[in-house]
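*Asks:* Provided below for reference: sequence and predicted model.
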Amino acid sequence: MKTEPRLKKPESYRNRSYRQLHDQSDLIAVQVQIQETDLHILATRNVKERATELVLQYRLQIENYIVKHPLFLATLDPLPLDFLAPSLIQEMLAAGQKAGVGPMAAVAGAMAEFVGKTLAAEGVAEIIVENGGDIYLQRNKECSVAIFAGQSPLSYKVGLRLPASLMPVGVCTSSGTVGHSLSFGKADAAVVVAKSTALADAAATRIGNEVDINLGAKKAVEQALATAREIEGIEGAVVICGEVMGAFGAIELVRLSS
């Protein structure tokens, strides 16, 4: 289980070195770090001040909700919808229900999505919000997103091509071989693309949980993708286990240069 405010991520994310790999020539990069929340934002203007306000606002919503509903933080199972809760909480609850996991499995994606969508609604034409590897994208042109898969030989060798017509969109990754977040599977990477970044995050956790390495890499990947097909609302998924990779849905894989 991923917990907020104590956010997850794999070892390579700790020094955030992957943030130097993107092409940011046409966007302004800022970082917003509030306690454990660490956002890297690329936007058409400097949004640091407003993004900081939003992170504080949304963190407070989560923290206040946990005080009144402790199970929201602790459970690994879906919880009922709460239509009296703030929109961020409702999105996490709905994502957990669709993916079959606890609502906190959606927290990193939800934070990225709500910060990004709010800034877009306030006039930021293009924006990318990355929260420890979970990404909300709103661009007016095609983008490619590299896949980090731990020690797999496929790590950073393959990516997803995202057309402008799909924006806004979320791309989220879960791993059972790197990082300190709880996963019941052994995927090097379970990547999900969905219109809801919160759902992409929760679904990546669920799909990653299904990678049972005892079945062998090929069958483990097949089992995980079978689960992915059952999750309503996702565009597609990619699962990497060692040298084995599988994918499903309306996504395009691209080979990345070194």
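*Replies:* Sure thing, it's come through. Numbering: from 1, shown residues only.
*Asks:* what comes up buried for stretch 199-217?
*Replies:* 199-212, 217 (16 or more other Cβ atoms under 10 Å). (C-beta placed from N, C-alpha, C; glycine too.)
*Asks:* what's the end-to-end length of that stretch?
*Replies:* This stretch, stretch 199-217, spans 25 Å end to end (Cα to Cα, to the nearest Å).
*Asks:* likewise stretch 224-238?
*Replies:* 9 Å.
*Asks:* got it, and stretch 164-173?
*Replies:* End to end - Cα to Cα - stretch 164-173 spans 21 Å.
*Asks:* extract the residue ranges of the stretch 1-150 of the chain that are flagged as low pLDDT.
*Replies:* Within the stretch 1-150 of the chain, the set of residues satisfying pLDDT under 70 comprises 1-25.
*Asks:* show me where it has its strands.
*Replies:* Along the stretch 1-150 of the chain, counting by DSSP state E, counting those that start in this stretch, strands occupy 28-34, 37-43, 127-131, 134-138, 143-146.
*Asks:* partners of the third one in the sheet?
*Replies:* Strand 127-131 has its sheet partners listed here by DSSP bridges as strand 37-43 (antiparallel), strand 134-138 (antiparallel).
*Asks:* of these, which is nearest Gln57?
*Replies:* strand 37-43 (11.6 Å; Cβ to Cβ).
*Asks:* ok and that closest one relative to strand 28-34, angle-wise?
*Replies:* Interaxial angle of strand 37-43 relative to strand 28-34 (axes from the mean of the first three to the mean of the last three Cα atoms, to 10 degrees): 160 degrees.
*Asks:* going forward can the numbers begin at 567, since that is how I track them
*Replies:* Sure, I'll start numbering at 567, so the last one becomes strand 603-609.
*Asks:* off-centre distance for strand 603-609?
*Replies:* 13 Å (Cα atoms, centre = their mean, to the nearest Å).
*Asks:* with stretch 779-795 instead?
*Replies:* 20 Å.
*Asks:* buried ones in it?
*Replies:* 783, 786-787, 789-791, 793-794.
*Asks:* same check, this time on stretch 675-691
*Replies:* Residues 675-686, 690 are the ones in stretch 675-691 that count as buried (16+ other Cβ under 10 Å).
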